[in-house]
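Enquirer: any chance you can model this:
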Amino acid sequence: MGVAIVAPKISDKQLETLRAAGMTPIIAPRASAFEGASTSRRMRGWGTSGVGPNSAISGSLSNLRNRSHEFVRNHPLAQNAIDTWVSNLVGTGIVPRWKINGMVSQELKERLQKRWLRWTDEADAAGQCDFYGLQALAARSIVEGGSALIRRRDRMTADGLQVPLQLQVMEPDHLPHSLTQMHTNGNEIQMGVEFDWIGRRAAYHIYRRHPGDQFFNGDASTVRVPAQNMIHAFRQLRPGQIREIPWLSTIVTSLYELDQYNDAERVRKKIAAMFGAFITSAADDSGSDIGSDEGEDAAGRALAGLEPGIIRYLDPGEDVRFAEPADIGGNTIAWLQQQLRECAVGVGLTYEQLTGDLSNVNYSSLRAGLVEFRRRCEALVFHVMVFQINRPIVGWWMDALARSGAESLPGYWQNRAEYLDIEWQGCGWEYVNPVDDRIAEQMDIRNGLDSRQAIIARRRGRDAEEVDKEIAEDNKRADSLRLVLDSDPRQTAQSGALQKAAEAAVMGGKE
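Expert: As a prediction, this is how the structure comes out:
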């Protein structure tokens with residue numbers, strides 16, 4: 001008995017023949033059930049790699065980050081992309097709102113909110129930003145460089161801060177991605193991050209100064225910062241990913257080539273616009289050039305420059321040949337727009353957000369694009385800005401407050417989770433169509449599908465309790481002055497007519 005490897009398409013008659021000859025046919029597996037995995041003629045030239053997330057990053061991070069910085073410095077589209085992401089991720093700030101529970105009373109909540117607000121002006125160790133400015137700075141570093149490093153800086157009570165804590169925001173360049181070795185304590189350091197024996201982040205080995213600054217002076221020494229005193233915030237794209245990727249990475253090549261194309265087109269138009277007049281005449285008796293004040297070069301040739309509207313005299317027999325650069329084709333604008341749309345997709349924005357071009361949009365298309373973008377932005381706010389940055393920082397803040405004794409926090413260390421029961425509220429989204437959106441919100445409230453508190457937080461980024469207090473104060477002031485405002489639902493109906501109770505009060509006042 002033998003074994004025969006046969007093709008998948010062998011006929012039944014051929015199988016019977018093999019079995020009659022004492023052979024056991026084994027059907028060979030197909031080369032690939034998926035065309036994308038095949039090595040056929042169409043796919044033969046496409047090389048593949050099973051490189052892991054960290055190996056892929058380690059060899060490319062420096063160039064990607066440097067090129068991202070270069071584009072942001074010199075390319076308006078890249079600068080606008082970064083600004084757009086930062087303004088949507090942070091806006092004027094993502095604000096904490098303590099919740100009232102078994103440990104946090106209304107009175108304590110108000111004291112914590114006031115102390116936090118005063119501390120935000122003291123949060124920056126460099127003294128240049130408030131806390132919400134640091135949020136924007138961290139978001140910019142995440143988008144442009146791939147990640148942000150935030151170091152905890154404990155201060156002395158004698159420093160006179162609201163809470164003895166400050167923050168230092170650093171670019172990811174401070175974390176050497178080439179540092180991979182075993183630490184003397186037995187932990188493994190990978191790309192500047194130290195891990196303990198069960199894979200937790202134990203410490204960060206950071207440069208004392210930015211390695212790209214002229215003040216670095218070649219000092220490559222690092223300092224070990226425990227992980228509980230450092231935040232390394234970035235958008236993680238693959239499980240096990242240790243380091244970051246700049247958000248412009250997928251469009252670096254496209255932006256570079258578009259920039260070259262635009263430079264070439266600008267030069268072509270500049271040359272095409274250089275119209276001038278050239279006059280040929282007989283030389284005078286002295287043999288000097290007529291109307292020439294350009295001088296001569298080392299070989300004795302007259303220097304001739306090209307300027308807009310120039311009038312230049314030529315020697316007898318001399319002639320001029322103009323370069324005639326071809327004009328752009330009729331489809332170039334459409335091609336450029338398509339390239340810019342691909343760049344917008346690569347950086348996660350809409351074409352209109354990236355370019356500022358609103359010439360071909362209508363309400364429906366603009367709203368559809370913004371709804372999808374805001375859904376993506378909201379996910380990044382909670383997954384990166386809130387979870388990786390804000391929540392650890394407010395934990396540091398509460399710990400420092402409890403240790404300082406500036407506020408009475410009974411049972412804090414035993415009930416820390418309740419003290420940290422906080423809702424983070426952004427600055428809210430602007431309306432695309434204010435009337436329709438507000439009517440929809442009103443319908444949701446009246447039908448019990450949403451609450452005023454949720455809508456106030458989502459749309460305005462404010463605390464509903466503060467809004468209610470302001471409304472009560474407005475109503476009290478209006479009543480004391482006997483004002484009947486169309487905006488007061490106690491006094492007027494939606495149509496503008498007086499409510500019956502208000503009408504009776506007004507008529508009684510007239511009598």
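Enquirer: only C-alpha atoms for contact and neighbour calcs from this point on.
Expert: Noted.
Enquirer: buried residues of the longest helix anywhere in the chain, list them for me.
Expert: Counting by DSSP state H, the longest helix found in the chain is helix 252-272. Judged by neighbour count (16 or more other CA atoms under 10 Å), helix 252-272 contains these buried residues: Val252, Leu255, Arg268, Ile271, Ala272.
Enquirer: elements contacting the host helix or strand of Glu342?
Expert: Here Glu342 sits within helix 332-347, counting by DSSP states H and E. Counting by 3 or more CA pairs under 8 Å, 6 or more residues apart in numbering; DSSP states H and E, the packing neighbours recorded for helix 332-347 are helix 252-272, helix 351-355.
Enquirer: pLDDT of the first one, averaged?
Expert: The average pLDDT for helix 252-272 rounds to 84.
Enquirer: ditto for stretch 237-249
Expert: Rounded mean pLDDT across stretch 237-249 is 93.
Enquirer: and that stretch, what's buried?
Expert: Gln241, Ile242, Arg243, Glu244, Ile245, Pro246, Trp247, Leu248, Ser249.
Enquirer: in strands only, show me those residues.
Expert: Taking DSSP state E as the definition of strands, the buried residues of stretch 237-249 contribute nothing to them.
Enquirer: identify, from these, the entry nearest to Arg477.
Expert: For those, the residue nearest Arg477 by CA to CA is Trp247; the value is 51.0 Å.
Enquirer: now do the helix holding Glu342: everything it contacts.
Expert: The contact list for helix 332-347, computed with CA atoms under 8 Å, 6 or more residues apart in numbering, reads Ala81, Trp247, Leu248, Thr250, Ile251, Ser254, Leu255, Thr350, Tyr351, Leu354, Thr355.
Enquirer: at 10 Å instead, please
Expert: 77-78, 81-82, 85, 143, 246-255, 258, 261-262, 348-355, 357 (CA atoms under 10 Å, 6 or more residues apart in numbering).
Enquirer: circling back: and the buried residues of helix 252-272, which is closest to Pro172?
Expert: Val252 (18.9 Å).
Enquirer: residue ranges with poor pLDDT in the stretch 351-500 of the chain?
Expert: 431, 459-461, 494-500 (pLDDT under 70).
Enquirer: quick one, helices of it?
Expert: 351-355, 363-380, 391-404, 416-419, 434-446, 452-460, 464-480, 500-510 (DSSP state H, counting those that start in this stretch).
Enquirer: in JSON lines: the buried residues of stretch 237-249, plus distance to Ala138.
Expert: Converted to JSON lines, the buried residues of stretch 237-249 look like this (distance: CA to CA, whole Å):
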{"residue": "Gln241", "distance to Ala138": "20"}
{"residue": "Ile242", "distance to Ala138": "18"}
{"residue": "Arg243", "distance to Ala138": "16"}
{"residue": "Glu244", "distance to Ala138": "14"}
{"residue": "Ile245", "distance to Ala138": "15"}
{"residue": "Pro246", "distance to Ala138": "13"}
{"residue": "Trp247", "distance to Ala138": "14"}
{"residue": "Leu248", "distance to Ala138": "16"}
{"residue": "Ser249", "distance to Ala138": "18"}
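Enquirer: pick the one among those residues closest to Asn433.
Expert: Nearest to Asn433 among these, counting by CA to CA, is Trp247 at 30.4 Å.
Enquirer: quick check on that closest one: phi, psi?
Expert: phi -70, psi -20 (degrees, to the nearest 10).
Enquirer: that one reaches Val72, doesn't it?
Expert: No - contact criterion CA atoms under 10 Å: Trp247 and Val72 do not qualify, at 11.6 Å.
Enquirer: could you export the helices and strands packed on helix 332-347 to JSON lines, including columns for distance to Asp468?
Expert: JSON lines is the format used below for those (distance: least, CA to CA, whole Å):
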{"stretch": "helix 252-272", "distance to Asp468": "49"}
{"stretch": "helix 351-355", "distance to Asp468": "35"}
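Enquirer: out of these, nearest to His205?
Expert: helix 252-272 (28.9 Å).
Enquirer: just the angle between the closest one and helix 332-347, please?
Expert: Helix 252-272 runs at 150 degrees relative to helix 332-347, counting by axes from the mean of the first three to the mean of the last three CA atoms, to 10 degrees.
Enquirer: so how far is helix 252-272 off the chain centroid?
Expert: Averaging C-alpha positions (CA atoms, centre = their mean, to the nearest Å) puts helix 252-272 26 Å from its chain's average.
Enquirer: just checking, what packs against it?
Expert: On a contact count with 3 or more CA pairs under 10 Å, 6 or more residues apart in numbering; DSSP states H and E, helix 252-272 meets helix 61-74, helix 76-89, helix 332-347.
Enquirer: Glu16 is nearest to which of those helices?
Expert: Of all the helices and strands packed on helix 252-272, helix 332-347 sits nearest to Glu16, with 56.9 Å by CA to CA.
Enquirer: the closest one versus helix 76-89: what angle between them?
Expert: 40 degrees.
Enquirer: with only the CA atoms kept, save helix 332-347 in PDB.
Expert: What follows is helix 332-347, C-alpha atoms only, in PDB (Å, rounded to 0.1, in the frame of the first residue of the first chain):
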ATOM      1  CA  THR A 332      -5.900  68.600 -12.200                       C
ATOM      2  CA  ILE A 333      -8.200  70.300  -9.700                       C
ATOM      3  CA  ALA A 334     -10.400  67.200  -9.400                       C
ATOM      4  CA  TRP A 335      -7.200  65.100  -8.900                       C
ATOM      5  CA  LEU A 336      -5.900  67.400  -6.200                       C
ATOM      6  CA  GLN A 337      -9.200  67.300  -4.400                       C
ATOM      7  CA  GLN A 338      -9.100  63.500  -4.500                       C
ATOM      8  CA  GLN A 339      -5.600  63.500  -3.100                       C
ATOM      9  CA  LEU A 340      -6.600  65.800  -0.300                       C
ATOM     10  CA  ARG A 341      -9.600  63.600   0.500                       C
ATOM     11  CA  GLU A 342      -7.300  60.700   0.900                       C
ATOM     12  CA  CYS A 343      -5.100  62.800   3.200                       C
ATOM     13  CA  ALA A 344      -8.100  63.800   5.200                       C
ATOM     14  CA  VAL A 345      -9.200  60.100   5.600                       C
ATOM     15  CA  GLY A 346      -5.600  59.200   6.600                       C
ATOM     16  CA  VAL A 347      -5.600  61.800   9.500                       C
END
